[in-house]
Structure formats: structure tokens, C-alpha cells
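# Here's a sequence, model it:
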Amino acid sequence: MPRGRPGKLDRLQQERLCLLLASGTSRRTAATYLGCAVESIRLTAQRDPRFAEQLRQAEMQAELVPLNQVRKAAETNWRAATWILERLRPDRYARRPPQLIKEQHMAKFVDAVVEVILNEIDDAALREKIAARLEKLSVDASLELAESAALSAPAARPQRRRPTAK
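Numbers count the residues shown, from 1 in each chain. As a prediction, the model looks like this:
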């Protein structure tokens, strides 16, 4: 038996709340609809373990129903199957960003390669020629990375002017 003053959520409101949550409504929206505060929901659940379990189940149902629909669609739709795999095993199936090596890591790698080459080649003229070409490749790669980053960044959308009524 709960102690203290009676909660603001009676059994009927608790049932309505659970129905709203099961349909995918957030606690905040459901609280607004029922005319109570989110804090009232939390406190009522804290005082009433049965209600807390009903909340948990309602929120899980909101998640499981669409997931089951996607699973069913995955039986005949490869995109749905891919979506599931990408989320269940992102380490194996999630899309990878196109730039896997950061610019500073690439610069360190190129510096290390240049150092190895310069240490292994005895001919000074050949060493300088190779070093210059590698430096140019490094600069060109940095420019390409900067350009691709600029192209892949979302562009600011111009504001549309709404026609004024005359």
C-alpha cells in the first residue's frame, strides 16, 4: 500500500498513460495530454512498483512493435534486412565513413616513409628528388581532403522568400 499523500495519477490516468507510451508517445507529451507533470509520473512509478512495471512494458512495446515490423519486412526486403544488421552489429555491418585516416595520421605516416627513404638512399640528388615528389604528394593529398570535406559538409540552405499577399 503506497504511503503519503495520494498521487495525482489515478488508475484510469495510469492506464491512459501506458496506452499513450505503448503507441510511441514520449512521457513529456503523454504528461501534457493527461494534464500532469513528468515528475508526477516518475514519483508515482517510484511509489508503485506495479505501475513502474507497466510503464516499462509500455515503453518496450513502443520499441518492439516497429522492430517486429522491420523484422517481418526483412524477410522480403533487403533494405530492411540491411537496416537490422547495421544496428545489431554495427562493428561488422554499419556504413563506414569515407575518410578512415585522419589528415594528421596521414602526415605522420608520410613523414615516416620519407625518413626511411632518405636514410636508405645514398645518392643525395636522388634523395632530394624523391623527397620533393613525396612532399608534393602530401600537399596534394591534404588539398584533396580539404576539398572533399568542404563538398561533403551540408551546405547552408538559402531562405525562401514567401510571397506577400497583395
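
# and the helix or strand of the chain with the lowest mean pLDDT, how far out from the chain's middle?
Using mean pLDDT, DSSP states H and E, the weakest-scoring helix or strand in the chain turns out to be helix 124-152, at a mean of 79. Here helix 124-152 shows a centroid-to-chain-centroid distance of 33 Å under the convention Cα atoms, centre = their mean, to the nearest Å.

# which helices and strands does that helix pack with?
Packed against helix 124-152, as judged by 3 or more Cβ pairs under 8 Å, 6 or more residues apart in numbering; DSSP states H and E, are the following elements: helix 103-120. All C-beta spots, glycine's among them, are computed from the backbone N, C-alpha and C.

# Summarise which helices and strands the helix it packs on is packed against.
Contact partners of helix 103-120 among helices and strands, from 3+ Cβ pairs under 8 Å, 6+ apart: helix 124-152.

# Buried residues of the helix it packs on, list them for me.
By neighbour count, and taking 16 or more other Cβ atoms under 10 Å as the criterion, the buried residues in helix 124-152 are 127, 134, 138.

# Tell me the spacing between the residue of the chain most remote from its centre and K129.
Distance from the C-alpha centroid of the chain, by Cα atoms, centre = their mean, peaks at D123 (52.8 Å). Remark: distance between D123 and K129 (Cβ to Cβ, to the nearest Å) = 9 Å.

# Kindly report the same for T29.
Counting by Cβ to Cβ, the gap from T29 to K129 is 68 Å.

# For the residue nearest to the spatial centre of the chain, report the pLDDT, please.
Among the residues of the chain, R87 comes closest to the average C-alpha position under Cα atoms, centre = their mean, at 10.4 Å. In the predicted model, R87 carries a pLDDT score of 90.

# residues contacting it?
Taking Cβ atoms under 8 Å, 6 or more residues apart in numbering as the criterion, R87 is in contact with A94.

# in what helix or strand does the closest residue to C36 other than its chain neighbours lie?
If you skip the residues right next to it in sequence, C36 has K8 as its closest partner in space, 5.3 Å away by Cβ to Cβ, 6 or more residues apart in numbering. Assigned by DSSP states H and E, K8 belongs to no helix or strand.

# Could you tell me how far K8 is located from Q14?
Between K8 and Q14 the computed distance is 11 Å (Cβ to Cβ).

# how far away is C18 from T82?
Distance from C18 to T82, by Cβ to Cβ: 33 Å.

# Give me the more crowded residue out of those two.
When C18 is set against T82 and neighbours are counted by other Cβ atoms under 10 Å, the residue ahead is C18, at 19 against 13.
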